[in-house]
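Q: sequence first, then the predicted structure:
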Amino acid sequence: MTVLEDGDLKLRSLRPQDAPILVELANNEKISINLRDAFPHPYTFKDALNFIGMCMECKPVNVFAIEWDGKYVGNIGIYPEQDVYRRSGEIGYFLGEPYWNKGIMTRAVRLAVEYGFGELDLVRIHTGVFEYNVASQRVLEKCGFVKEGVSREAVFKQGNLVDEIRYALLRKDVR
Ligand SMILES: CC(C)(COP(=O)(O)OP(=O)(O)OC[C@H]1O[C@@H](n2cnc3c(N)ncnc32)[C@H](O)[C@@H]1OP(=O)(O)O)[C@@H](O)C(=O)NCCC(=O)NCCS
C-alpha cells in the first residue's frame, strides 16, 4: 500500500472499510457546493463504495485517504491528463468539516504534489477553484500555486453561474 507521510499526517490508499466514515465526511452541502456535480449530494454508502472501488483499481495509485492523528479525515487525488496534456495532472481534494482550518489540507497538498512530480512524473499540476471558495484558493497559494487566470462564468453550480479561478504549479519551480 502506497503511503506518504509528514509527521502526524499520512496519505494512504483507500480501502472498503473507509466507506462509513467517507459517507460521514462527504455528506455535507458545505463540501459539495465547492465540487463538481459528479460529487454526489446526498452522499450515500453506495456512492462511497463505488468511489473506493474505482480508486482501488487505479495503478499507479492517484487518490489517497488523508489520515490525521490516526483518523481518516478526507481525500486527495491527482488525475493525470491525456494526449498532449499527459505531463499535466489535475489535483482535487476535500476535508471533513470538523477538521477545517488546522492547516491539514495545505500539508496534504504538499505531499500529493511531491508524489505527482515524482512517482507520476508530471511537470505541471493544475486545478480550478470556484470564485467563492476562498479557503481552497488560500491553500493553493500557500503551496506555491500561481493564479493563471479566471475562466469567467465557466461553472454552473446550483443554478448560478460562477467564475472559476485557475491555478497551476510547475515542477521546475519547486525542484
Ligand atoms: C478548502 C479546504 C480543503 C481547506 O482545507 P483546510 O485544511 O481547512 O485548509 P488549511 O487550514 O490548510 O488552510 C485554509 C486557509 O484558508 C483560510 N480561510 C478559511 N476560510 C476562509 C474564508 N472564509 N475567508 C478567507 N480565508 C479563509 C484559513 O485562514 C487558512 O489560511 P491561513 O493559513 O493563511 O490562515 C476545506 O475547507 C474543504 O475541504 N472544503 C470543501 C471542499 C473543497 O473546497 N475542496 C476544494 C475544491 S477546489
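A: Ah, there it is. Quantities reported herein were computed from a predicted structural model and do not represent experimental measurements.

Q: what does this protein have sitting close to the ligand?
A: Neighbours of the ligand within the chain, by Cβ under 6 Å from any ligand atom: 31, 34-35, 93-95, 100-106, 127, 129, 133-136, 138-139. Any C-beta I mention is one placed from the backbone N, CA and C, and that applies to glycine too.

Q: which of these are buried?
A: Among the residues of the chain next to the ligand, those classed as buried by neighbour count (16 or more other Cβ atoms under 10 Å) are 31, 34-35, 93-95, 104-105, 127, 129, 133, 136, 139.

Q: nearest to P60 among these?
A: The shortest gap between P60 and any of those belongs to Y93, at 18.1 Å (Cβ to Cβ).

Q: tally of neighbours for the residue nearest to P20 when sequence neighbours are not counted?
A: Closest residue to P20 apart from its sequence neighbours, by Cβ to Cβ, 6 or more residues apart in numbering: F45 at 7.1 Å. The local packing of F45 (other Cβ atoms under 10 Å) involves 12 other residues.

Q: for F45, which residues are in contact?
A: 19-20, 23 (Cβ atoms under 8 Å, 6 or more residues apart in numbering).

Q: and it, what pLDDT?
A: Here, the pLDDT recorded for F45 equals 98.

Q: before we move on, what about the one 5 residues further on?
A: The score at N50 is 98. That number is its pLDDT.

Q: returning to what we had before: generate a PyMOL selection restricted to the buried subset of the contacts of F45.
A: For the buried members of the contacts of F45, the matching PyMOL selection, counting by 16+ other Cβ under 10 Å, is:
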select buried, resi 19+23
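
Q: could I get the contacts of F45 as TSV with secondary structure?
A: Converted to TSV, these look like this (DSSP: H, G, I helix; E, B strand; the rest coil):
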residue	secondary structure
A19	helix
P20	helix
V23	helix
